[in-house]
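Sequence first, predicted coordinates after that:
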Amino acid sequence: MKTLIITAHPKQDAFTHAVAASYYKSAEHAGKEIELLDLYRDELRQDFFEFNDIKNLPSDPKRGQIQLLIKKADEIYFVNNGSVET
């Protein structure tokens, strides 16, 4: 089973990252194939605050890579502010 954990928090020492790391270890222990995507730090970083109009969002090939990770995942967990959403 492929699991994708997505997190996005600007502070590396935030509780959000601790929760994501804990879930990663649990899923790894359960034998799952895991991908952790940190939208603030990874090579697929998204510049959330660099646009004013969603209709005129500049094209970014990294979004296609993120969409591919999502398509491949059997389960997706969003970790934000220390809570986990599926």
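Cool, got the structure. Residues are numbered from 1 along each chain as shown.

Where in the chain is the helix or strand with the lowest mean pLDDT?
Of all helical and strand segments in the chain, the minimum by mean pLDDT, DSSP states H and E falls on strand 83-85, at a mean of 62.

Okay, now the unreliable bits of the chain?
42, 47-51, 82-86 (pLDDT under 70).

hey, where'd the strands end up in it?
Ranges of strands within the chain are 2-7, 33-38, 75-80, 83-85, based on DSSP state E.

which one of these lies closest to residue 14?
Taking CB to CB, strand 2-7 is the member of the strands of the chain nearest to residue 14, at 9.0 Å. Yep, even glycine has a C-beta here, placed from its N, CA and C like the rest.

Let me know the distance separating residue 28 from residue 34.
The gap separating residue 28 from residue 34 is 6 Å, by CB to CB, to the nearest Å.

Mind checking which of these two has more residues around it?
More crowded of residue 28 and residue 34, by other CB atoms under 10 Å: residue 34, with 19 against 12.

which residues sit in contact with the more buried one?
Contact analysis of residue 34 by CB atoms under 8 Å, 6 or more residues apart in numbering lists 2-5, 24, 27-28.

What's opposite it in the beta bridge?
Residues in a beta bridge with residue 34, per DSSP bridges, are residue 3.

And it, how close does it get to residue 55?
If you go by CB to CB, the gap between residue 34 and residue 55 works out to 35 Å.

Repeat that for residue 24.
On the measure of CB to CB, residue 24 and residue 55 end up 35 Å apart.

contact partners of stretch 74-81?
1-9, 15-16, 19-20, 23, 70, 84-86.

Put the alpha carbons of that stretch into PDB.
Output of stretch 74-81 as PDB, limited to C-alpha atoms (Å, rounded to 0.1, in the frame of the first residue of the first chain):
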ATOM      1  CA  ASP A  74      -3.600   4.500  -2.000                       C
ATOM      2  CA  GLU A  75      -4.100   6.700   1.000                       C
ATOM      3  CA  ILE A  76      -3.300  10.300   1.700                       C
ATOM      4  CA  TYR A  77      -2.800  12.000   5.000                       C
ATOM      5  CA  PHE A  78      -2.700  15.800   5.400                       C
ATOM      6  CA  VAL A  79      -0.900  17.000   8.500                       C
ATOM      7  CA  ASN A  80      -1.600  20.600   9.500                       C
ATOM      8  CA  ASN A  81      -1.200  22.300  12.800                       C
END
